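[1] sequence unknown, structure follows:
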């Protein structure tokens, strides 16, 4: 039925008519209020506008909002990236990213600068460099490595559409390439080679595999993977040459390294071990190997003082240490490369032996060292003396 004024009502004879009509009246008044307010506010009145306010203010129904996606922090993205690359990157590379994460977390804690993808800008890089130099005292090469690692991570985040900030592309840090190449002289290498050590001890194992690396130039990452089948014979020009043939772990490149009698003697020494285990040499952790190596070279009296100047920002830092204190297992590779060139080996051949992709990597070993300076001086003196005597002989015995 229709009530007075055209208002629709439920018949009074219907069950629950009173409650229903009261509710209808409330809804009508609410609708009228929304329309009146819209006119007073000069709102852009539309069906959607009316429905949204009617449901919210009169009926009391709030439209459900879509669930908010949990925000993943900058550091959580970095951690996820590190985990995702565990089976792809080399352990040393993973360690570099872990070090970067720790460094950035410490930077945020010390400076209060909150890191997010949109705050990685030129203000950040200025503050971060300042922090690394003044608070941690790291050298420029380390700063450059941290920034290069950060840029690689941010590039990956850009590819995954996680970050759209590209300010990092212009981040720069100077690297000092004139670093000291640590190596043993031939005399020092043979002193270590002949040092007496206890049979089957950690010291003897480290001594032998380090010396083997000095004679072959292999990286520490390849020490523990060499097997008897990596020793092959190559026949050329009537000669049979034993060589080490294997795929380098770091660069996934096959290389061939000729073996001299010193290297072969170490292989023969561990023949029983290789027959039992399938590997050429025992292997220890990098840390234990370096610690043992320092003890060995100290006992071998490898005490030459090494003076190295490095830069942290504009500050020059001078390090003065005996060689045995700073020698590491990687310096066996440096020793091989340096002595190879000292003896007249060609850089392009050394490049192939070391597995370098760029000749620039090899040329860092081409150093003008004091021994070369004196050798060249004596050779020039000898040539000059011979030339002088020849001219004098010609002067005393002129052609008739």
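    Yep, it's here. All values reported here derive from a predicted model rather than from experimental measurement. Residues are numbered from 1 along each chain as shown.

[2] so residue 50 touches residue 37, yeah?
    No: Residue 50 lies out of contact with residue 37 (C-beta atoms under 8 Å); the separation is 10.8 Å. Bear in mind the C-beta positions are built from the backbone N, C-alpha and C, glycine included.

[3] Could you tell me which residues touch both of those two?
    Common neighbours of residue 50 and residue 37, counting by C-beta atoms under 8 Å, 6 or more residues apart in numbering, are absent.

[4] For the stretch 301-400 of the chain, just list every one of the strands.
    Using DSSP state E, counting those that start in this stretch, the strands found in the stretch 301-400 of the chain span residues 305-312, 315-322.

[5] Please convert the ones you listed to TSV, extending it with mean pLDDT.
    As requested, these are arranged in TSV below (pLDDT from 0 to 100):
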stretch	mean pLDDT
strand 305-312	77
strand 315-322	81
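
[6] closest one to residue 249 among those?
    Residue 249 lies closest to strand 305-312 among those, at 28.5 Å (C-beta to C-beta).

[7] Report all helices and strands that the closest one contacts.
    Helices and strands touching strand 305-312, by 3 or more C-beta pairs under 8 Å, 6 or more residues apart in numbering; DSSP states H and E, are helix 140-159, strand 315-322, helix 323-326.

[8] Could you pull out the buried residues of that strand?
    Judged by neighbour count (16 or more other C-beta atoms under 10 Å), strand 305-312 contains these buried residues: 310, 312.

[9] Could you quantify the relative orientation of it and strand 315-322 as an angle?
    Orientation note: strand 305-312 sits at an angle of 160 degrees relative to strand 315-322 (axes from the mean of the first three to the mean of the last three C-alpha atoms, to 10 degrees).

[10] how far off helix 140-159 does strand 305-312 point, in degrees?
    50 degrees.

[11] Show me what strand 305-312 pairs with in its sheet, parallel or antiparallel.
    Using DSSP bridges, strand 305-312 pairs in its sheet with strand 315-322 (antiparallel).

[12] show me the contacts for residue 316.
    The neighbours of residue 316, taking C-beta under 8 Å, 6+ apart as the test, are 309-310.

[13] how does it look with 6 Å?
    residue 309 (C-beta atoms under 6 Å, 6 or more residues apart in numbering).

[14] Which strand residues bridge it?
    Beta bridges link residue 316 to residue 311 when assigned by DSSP bridges.

[15] Not counting sequence-adjacent ones, nearest residue to residue 192?
    residue 300 (4.9 Å; C-beta to C-beta, 6 or more residues apart in numbering).

[16] The one you found: neighbouring residues, count only.
    Other residues lying near residue 300 total 19 when counted by other C-beta atoms under 10 Å.

[17] Over to residue 184?
    Neighbours of residue 184 (other C-beta under 10 Å): 27.

[18] Give the closest residue to residue 356 in space, chain neighbours not counted.
    residue 362 (5.0 Å).

[19] just checking, what packs against the helix or strand containing residue 267?
    Per DSSP states H and E: residue 267 is located in helix 261-269. In terms of contacts (3 or more C-beta pairs under 6 Å, 6 or more residues apart in numbering; DSSP states H and E), helix 261-269 is packed against helix 202-216.

[20] Helix 261-269 and the helix it packs on, what's the angle between them?
    Using the same axes, to 10 degrees, helix 202-216 lies at 140 degrees relative to helix 261-269.
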